[in-house]
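Visitor: the sequence isn't on hand, but the structure is:
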């Protein structure tokens, strides 16, 4: 099971957001965003911020750091190490299974991810047997999108998949996110698109939009 920072609501949780960080970060990097979301005081959403495993990253001279997968090239078509992505998907599936065992349904779970975390979130949701409340794909791209036709499942074809990207992203070019969205649309997935005047990061307007989106997706847990 992945180590994680878990933030419990004031009342018994009836929904959950699993939020995956980017390369070299940890769950602690995004955990402080919860108060900034300004959710209703009595919301019943559990937030889980898992820490990626520590492993060597080829592109960073083999330095060991938290990463959801290895990066061997900056070429976006092959940037995500597929074996590592699949292994991370299985780790996150373990977190999902834990929430299901606690009585939270898949339809009340949102999978969110930034950069590397977004790659894992998209890979998982498009191939899952569970139907989720929503998928939040921030500043990210697809791993092996050419295989989606053979590997996709219908569970999340109608699930809102929200792409958010920085106009000045120097790490993941916006075109990569546009291509990811187009690929998902071609395979029948329900995608949304928002752009912000920011680099490879998160901005205040985006946080406000995420708050509104989460309250829509998890409406019954916000009352």
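Guide: Looks like it came in fine. In this text, all values refer to a predicted model and were calculated from it rather than measured experimentally.
Visitor: all helices for the chain, in order.
Guide: 33-36, 82-101, 116-127, 148-151, 174-186, 204-217 (DSSP state H).
Visitor: next, the buried residues of the last one.
Guide: In this case it means helix 204-217. 206, 210, 213, 214, 215, 217 (16 or more other CB atoms under 10 Å). The C-beta positions use only the backbone N, C-alpha and C, and glycine is treated the same way.
Visitor: just the fifth one next, same as before
Guide: Neighbour-count burial for helix 174-186, with 16+ other CB under 10 Å as criterion, is recorded at 176, 177, 179, 180, 181, 183, 184.
Visitor: can I get those residues in JSON lines including pLDDT?
Guide: Output for the buried residues of helix 174-186, formatted as JSON lines (pLDDT from 0 to 100):
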{"residue": "176", "pLDDT": "95"}
{"residue": "177", "pLDDT": "97"}
{"residue": "179", "pLDDT": "96"}
{"residue": "180", "pLDDT": "97"}
{"residue": "181", "pLDDT": "98"}
{"residue": "183", "pLDDT": "97"}
{"residue": "184", "pLDDT": "98"}
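Visitor: so which residue is dead centre in the protein?
Guide: Closest to where the C-alpha atoms of the chain average out (CA atoms, centre = their mean) is residue 113, at 2.2 Å.
Visitor: check contacts around the residue nearest to that residue when sequence neighbours are not counted.
Guide: Of all residues not flanking residue 113 in the chain, residue 121 sits nearest, at 3.4 Å (CB to CB, 6 or more residues apart in numbering). Neighbouring residues of residue 121 by CB atoms under 8 Å, 6 or more residues apart in numbering: 20, 92, 111, 112, 113, 135, 136, 137, 140.
Visitor: try it again with 7 Å
Guide: 20, 111, 112, 113, 135, 137 (CB atoms under 7 Å, 6 or more residues apart in numbering).
Visitor: next one: it from residue 156, what distance?
Guide: From residue 121 across to residue 156, the span is 11 Å (CB to CB, to the nearest Å).
Visitor: ok, residue 7 next?
Guide: Taken as CB to CB, the span from residue 7 to residue 156 is 25 Å.
Visitor: same drill for the two, tell me which one is more crowded.
Guide: Using other CB atoms under 10 Å as the criterion, residue 7 and residue 156 rank with residue 156 on top: 25 against 17.
Visitor: quick check: chain neighbours aside, which residue is closest to the more buried one?
Guide: With CB to CB, 6+ apart, the residue lying closest to residue 156 is residue 125, at 5.0 Å.
Visitor: next one, pLDDT for that neighbour please.
Guide: Turning to residue 125, the model gives it a pLDDT of 98.
Visitor: which residue, other than its chain neighbours, is closest to residue 41?
Guide: residue 10 is the one closest to residue 41 (CB to CB, 6+ apart), at 7.2 Å.
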